[in-house]
Structure formats: C-alpha cells, structure tokens
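> model this:
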Amino acid sequence: MLTLKHLRMIEAIHEHGSITRAASRLYLTQSALSHQLVALEKHYDVALFERVRPLRLTAAGERLLTLAREIAPKIDAAERELARLAGNFAVGRLRLAVECHTCYDWLMPVMDSYRRDWPEVEMDLVGGFHTDPLALLDEDRADLVVVSSAESHRQVTFFPLFAYEMLALMAADHPLAAKTWLTAEDFAHEVLITYPAPDRLLDVVQRVLKPAGIHPERRQAELTIAIVQLVASKKGLTALPAWAVAPYLERGYVVARPIGEQGLWSHLYAATRRTDAQSAWLQDFVTLLREQVFRNLPGIEPLA
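Prediction:
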C-alpha cells in the first residue's frame, strides 16, 4: 500500500502545514490529496497528522517523513540514471527563454538545482525579453520557453505550471488604497506604470482596461524595483504578480489591492518542441520547476 506517492505527500504536507498548499505543490486538487491521506491512514489504522493549524505530524507521520527524506532522493537519482542507460538522454543543451520580466526571480534557483542533477546538460538563457518565444522553438534557438497561454500549435507541447494573481499596487496613502478592490475605471485618471512589453502581454491592459475603453497615461520601467519605487513615489499605479511583489508589501513600501471583485488571475506554461516533450532530461526540469515554485512562491494555484 505504501508508495513513493504517499511519501511525497507526507513530506509536502509537513513542509506547508496544510492540505491546500501541499496539493498545489504536488499539482493535485485539495480533495484528491485529502482522499489519499485518509485512505493511507485508514489502511494502517493510524493518524499521520494532528488536525490542528498548521497540521502537525504524529509519531507515525514522523516515521514516514524520515523514510521519505531517505528514499525519495535515491529514487529520483535512480530514475535519472535509468534514463541515461536506456539511451533516452543525449548530452546537449537546455536553452531557456521567457516572455515575462519577473520569471527570472524563480527560474534561476531552479536552474541551479537542475545543474546538480544533470551536470551533462549545458544550460543557457536566451538573452533578452521575448514577445514571441514560441518562434524561438520553431527556429531551434531555444528548447523550453515560459509563456502565458497554451495556444494551439501542432509542433509544440505545453506543460501547465501555475496560476497567479495580478495585484494593483499604489502608495500607502493613495486615495484608492481605501478601496477593497479596483475597477477598470479606477485607472482612468492615473498613470499606469508597466514593463516595456506589448499590450497583448499586459493582462491588466488586455483583459481589464481595453474592454472597458479605459486608456490611462502610460509610463515604462525595465526593473520591478524601479516600478515599485515609482509607485511608492506616487508617480502612478502598476499591476504585478503577487509573488513578485510580496517582499515589497511585507516591508510596507507600497500596498496592493485585487483587480476586480474576483481578482485578475494569469497563467504560465512551459512549452517545448513536441519531439523533445518525452525526453527524461526535459521532463525532469519541468517537474523540478513545479516542485520549487509551489514550495517557494506565495499565492499561486495549480493550473489544470
């Protein structure tokens, strides 16, 4: 009955202290993970967690956590070695490109971890900001790209990564800070500060402002910290991913509000050529990427 899947579940719940957060890391729904936990506890007739907040391991749970930390890394290493022995891996490059400015914040640590597991792979970043990263796959100038939509493309396979909320940022004493959430009209007489990206890649413009016929004055900045400083200096408003601005919110540099009553949610996918999609070395990178972002980024959700 006890499987590696169960051990990873115990480790994830222990790290995050909740079923919801652990499910996100494991790319499962909350109900699916809850069912797995209950089934395992019933099978052995033992509680693995104390039902408090945050969840705490029982003695039985501690035993399985120790086992998970001993076995899971060895299983992962063995799977990589089997892929090599089976001839499913050819020494080469993993060239990465992104279309979002803030993706580098979480991509770089993933690359560092991946190098330790696949030292044979020469990793590289395709420099610059790319408004059409799928073209890099078509032209064989990249092997994996991070994109915001899984558009139909017969030569490309998309791996869903996560959903994240875009938040409106403003100075702490801005009049709009008194609102619970912002509407498109709230931006009408403000300066909108954005990255130097085309409008089709700016969700607040494409999905909120343009449909409402709102066209605020615009200003651009290359760096996230520069945008935040402009907002803190009352030079305008911006909309940035919640996980990218969490440190600035914690320090009180600016305040954030949801955009729309339900919030403005965006998606990210990893895309690769279909001919490479089943490669063990590439799938391992996607798996590692998902594990690390759900462990480290606040407020993200699984993407089906």
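> Can you spell out the domain ranges of this protein, please?
Listed domain ranges for the chain are 4-85, 93-162+266-296, 163-264 (source: automatic domain parsing).
> Which one, of those, ends up nearest to residue 302?
Of all the domains of the chain, it is domain 4-85 that lies closest to residue 302, at 5.3 Å by CB to CB. For the C-beta atoms, the positions are set from N, CA and C on the backbone; glycine is no exception.
> got the contact list for residue 295?
Neighbouring residues of residue 295 by CB atoms under 8 Å, 6 or more residues apart in numbering: 15, 16, 25.
> what about the first one, how many neighbours?
Spelled out, that is residue 15. 13 (other CB atoms under 10 Å).
> go on, the second one?
In terms of burial, residue 16 registers 19 neighbours under the definition other CB under 10 Å.
> do you know how far the nearest residue to it once chain neighbours are set aside is from residue 33?
Spatial nearest neighbour of residue 16, chain neighbours left out: residue 22 (4.8 Å); criterion: CB to CB, 6 or more residues apart in numbering. According to CB to CB, to the nearest Å, residue 22 and residue 33 sit 6 Å apart.
> For the stretch 1-150 of the chain, which residues score under the pLDDT cut-off?
Flagging of the stretch 1-150 of the chain using pLDDT under 70 yields the residue ranges 83-92, 128-129.
> Could I get the full set of strands for it?
49-50, 56-57, 93-98, 122-125, 144-147 (DSSP state E, counting those that start in this stretch).
> Adding mean neighbour count and distance to residue 160 as columns, could you present the ones you listed in a markdown table?
A markdown table is the format used below for these (neighbours: other CB atoms under 10 Å; distance: least, CB to CB, whole Å):
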| stretch | mean neighbour count | distance to residue 160 |
| --- | --- | --- |
| strand 49-50 | 16 | 28 |
| strand 56-57 | 15 | 30 |
| strand 93-98 | 20 | 16 |
| strand 122-125 | 14 | 22 |
| strand 144-147 | 24 | 11 |
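> Turn these into JSON lines, including distance to residue 163.
JSON lines is the format used below for those (distance: least, CB to CB, whole Å):
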{"stretch": "strand 49-50", "distance to residue 163": "27"}
{"stretch": "strand 56-57", "distance to residue 163": "29"}
{"stretch": "strand 93-98", "distance to residue 163": "17"}
{"stretch": "strand 122-125", "distance to residue 163": "24"}
{"stretch": "strand 144-147", "distance to residue 163": "14"}
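> Shouldn't residue 267 be within a helix?
No - secondary structure assignment (DSSP: H, G, I helix; E, B strand; the rest coil) places residue 267 in strand, not in a helix.
> Tell me the predicted confidence for it.
Predicted confidence (pLDDT) for residue 267: 94.
> Now do the helices in the protein.
4-16, 19-26, 30-44, 59-85, 104-117, 133-138, 203, 224-232, 242-250, 280-296 (DSSP state H).
> Highest mean neighbour count out of those helices?
Counting by mean count of other CB atoms under 10 Å, helix 19-26 has the highest mean neighbour count of those, with a mean of 22.
> how big is the angle separating it from helix 280-296?
Using axes from the mean of the first three to the mean of the last three CA atoms, to 10 degrees, the direction of helix 19-26 lies 160 degrees away from that of helix 280-296.
> Which elements pack onto helix 19-26?
Judged by 3 or more CB pairs under 8 Å, 6 or more residues apart in numbering; DSSP states H and E, helix 19-26 is in contact with helix 4-16, helix 30-44, helix 280-296.
> Could you provide the ones you listed in a markdown table, with additional columns for distance to residue 126?
Formatted as a markdown table, these follow (distance: least, CB to CB, whole Å):
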| stretch | distance to residue 126 |
| --- | --- |
| helix 4-16 | 32 |
| helix 30-44 | 36 |
| helix 280-296 | 15 |
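> Select, out of those, the one closest to residue 145.
The closest of the helices and strands packed on helix 19-26 to residue 145 is helix 280-296. By CB to CB, the value is 12.0 Å.
> that older thread, mind putting the domains of the chain in a markdown table, distance to residue 303 included?
Formatted as a markdown table, the domains of the chain follow (distance: least, CB to CB, whole Å):
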| stretch | distance to residue 303 |
| --- | --- |
| domain 4-85 | 9 |
| domain 93-162+266-296 | 4 |
| domain 163-264 | 5 |
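> between the helices and strands packed on helix 19-26, which gets nearest to residue 226?
Shortest distance between residue 226 and those, using CB to CB, is found for helix 280-296: 23.5 Å.
> out of the contacts of residue 295, who's nearest residue 63?
Using CB to CB, residue 15 is the member of those that sits closest to residue 63, with 16.7 Å.
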